[in-house]
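Colleague: when you get a sec, could you give me coordinates for this:
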Amino acid sequence: MEKQYQIRKRFLIKNEIQIPILWFIFFGMLLTYMICGIIIWKLIEELIFVMVNLNPEILNLVISRVADKLIRTFVTFLLLIVFMTLTSIYFSNRIAGPVFRLEEDLKKMIKEKIISKIKIRKNDYLHRLVGILNEFLEKVDFKN
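Modeller: I've put the predicted structure just below:
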C-alpha cells in the first residue's frame, strides 16, 4: 500500500540542521547591509561636507531625497530578508526532510524488526544516499 504524505504542519523539520543555516544567512545579509550602510553614510558625509556652502533650500532638498532613498533601501532589505528566510527554509527542508524520514523509518524498522524501503519526495535531496541505504536494507535480514 502506498504511503500517503500529509501536508506539513511545521516549517522547520530538523531544527539542529535548519536553524544554523537560517542564522548564517540572516547574519550574512545583516553584515552585507551594514557594510553597504557604512559606505552610503561615508558618501553622504562627503556630499554634505561639499554642500555646506550651498543654498539651504537645495541642501534640504538633497537631504530629503537621500533620506527617501535610504528608507527605500531599508524596506528593500526587509523584503530581501523575508525572501531569503523563506528560500532558506525551503532548501533546508529539502535536506532536513530526508534526514528526518531516514531517522523515523530506521527507528520504526528497528522497533518492528521489519525491513521496508525508505521513500522520500521526488524534489528532496539525498536521493543517492537513500538509494544506497535501500540497497543495503534489501540485503540485510533482522533474523540473523
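
Colleague: next, name the residue at the spatial heart of the protein.
Modeller: residue 88 (1.6 Å; C-alpha atoms, centre = their mean).

Colleague: what are the phi and psi values at it?
Modeller: The phi/psi pair for residue 88 (degrees, to the nearest 10) reads phi -70, psi -30.

Colleague: distance of it from residue 50?
Modeller: 42 Å (C-beta to C-beta, to the nearest Å). From N, CA and C alone the C-beta is placed, and that goes for glycine too.

Colleague: report pLDDT for residue 143.
Modeller: In this model, residue 143 is scored at 54, pLDDT.

Colleague: next: residue 54.
Modeller: Value listed for residue 54 in the pLDDT field: 68.

Colleague: ok, which stretches of the protein are helices?
Modeller: 15-51, 56-112, 127-139 (DSSP state H).

Colleague: related to what we said a few turns ago, pLDDT at the nearest residue to the residue nearest to the centre of the chain once chain neighbours are set aside, what is it?
Modeller: Take residue 88 and drop its neighbours on the chain: the residue closest to it by C-beta to C-beta, 6 or more residues apart in numbering is residue 25, 4.8 Å away. pLDDT recorded at residue 25 is 83.

Colleague: show me the contacts for residue 25.
Modeller: Counting by C-beta atoms under 8 Å, 6 or more residues apart in numbering, residue 25 makes contact with 84-85, 88.

Colleague: circling back: a markdown table for the helices of the chain, including distance to residue 119?
Modeller: As requested, the helices of the chain are exported to a markdown table (distance: least, C-beta to C-beta, whole Å):
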| stretch | distance to residue 119 |
| --- | --- |
| helix 15-51 | 20 |
| helix 56-112 | 8 |
| helix 127-139 | 8 |
